[in-house]
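# Output the structure for:
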Amino acid sequence: MTDVKVVDASALAALLFAEPEAETIAERLEGARLVAPSLLDFELANVCLTKMRRQPSQREALRTAFRLADRLRVETVAIDHAASLDLAETTGLTAYDASYLWLARALSAELVTLDRKLMAAVT
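Numbers count the residues shown, from 1 in each chain. You can find the predicted model right below:
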């Protein structure tokens with residue numbers, strides 16, 4: 001049986017944009033079925049946009065890297081927004097980050113993130 005892992009935008013951005021943590025993230029995700037809330041695509045697009053604004057000379061390379069996200073085969077799913085809001089309120093996370101935590105809990109799955117605050121809420 002394949003492990004299910006919930007993966008957030010920080011972890012996937014590390015892979016897509018060859019950030020220093022990319023190898024560690026790749027090892028953690030290898031062979032797993034990847035799942036994320038449906039907001040993932042918006043968050044990845046925003047990461048790419050931020051990088052393009054900071055590094056305009058890298059615009060085309062960044063857009064090319066962004067388009068590779070489809071190859072990662074992350075299944076995006078709807079979440080319970082009311083429950084996620086409650087979780088955000090009790091943990092101090094943003095509603096966005098709480099959606100990843102909610103999904104990981106709902107699926108009893110590992111959450112793969114580079115976000116320290118989100119990771120702290122997992123434990």
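# Point me to the helix or strand that includes Leu34.
Taking DSSP states H and E as the criterion, Leu34 maps to strand 33-37.
# Which of the helices and strands in this structure ranks last by mean pLDDT?
Comparing helices and strands within the chain by mean pLDDT, DSSP states H and E singles out helix 116-122 as the least confident, with a mean of 92.
# Tell me which residues of that helix come out buried.
Taking 16 or more other CB atoms under 10 Å as the basis for neighbour counts, the residues of helix 116-122 that come out buried are 118, 121. Where C-beta positions appear, they are placed from N, C-alpha and C, glycine not excepted.
# neighbouring contacts of the strand holding Leu34?
The list of residues contacting strand 33-37 from outside it, by CB atoms under 8 Å, 6 or more residues apart in numbering, reads 2-9, 12, 72-79, 99-100, 102-103, 107, 109.
# Confirm that Thr76 sits in a strand.
Yes - inclusion of Thr76 in a strand is indicated when DSSP: H, G, I helix; E, B strand; the rest coil is applied.
# that older thread, out of the contacts of strand 33-37, list just those in strands.
The strands in this structure, assigned by DSSP state E, contain 4-7, 75-77 from these.
# okay, those residues in CSV with neighbour count and distance to Asn46 next?
Formatted as CSV, the ones in strands among the contacts of strand 33-37 follow (neighbours: other CB atoms under 10 Å; distance: CB to CB, whole Å):
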residue, neighbour count, distance to Asn46
Val4, 16, 25
Lys5, 22, 22
Val6, 27, 19
Val7, 25, 16
Glu75, 11, 20
Thr76, 13, 15
Val77, 14, 20
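# What is the neighbour count of Phe66?
Phe66 has 20 neighbours, counted by other CB atoms under 10 Å.
# correction: Pro56
Residues near Pro56, counting by other CB under 10 Å, number 9.
# OK, contacts around it?
Contacts of Pro56 were listed using CB under 8 Å, 6+ apart, and none were found.
# what's the longest helix along the chain packed up against?
When the chain is parsed with DSSP state H, its longest helix is helix 40-54. Counting contacts by 3 or more CB pairs under 8 Å, 6 or more residues apart in numbering; DSSP states H and E, helix 40-54 is packed against helix 9-16, helix 59-67.
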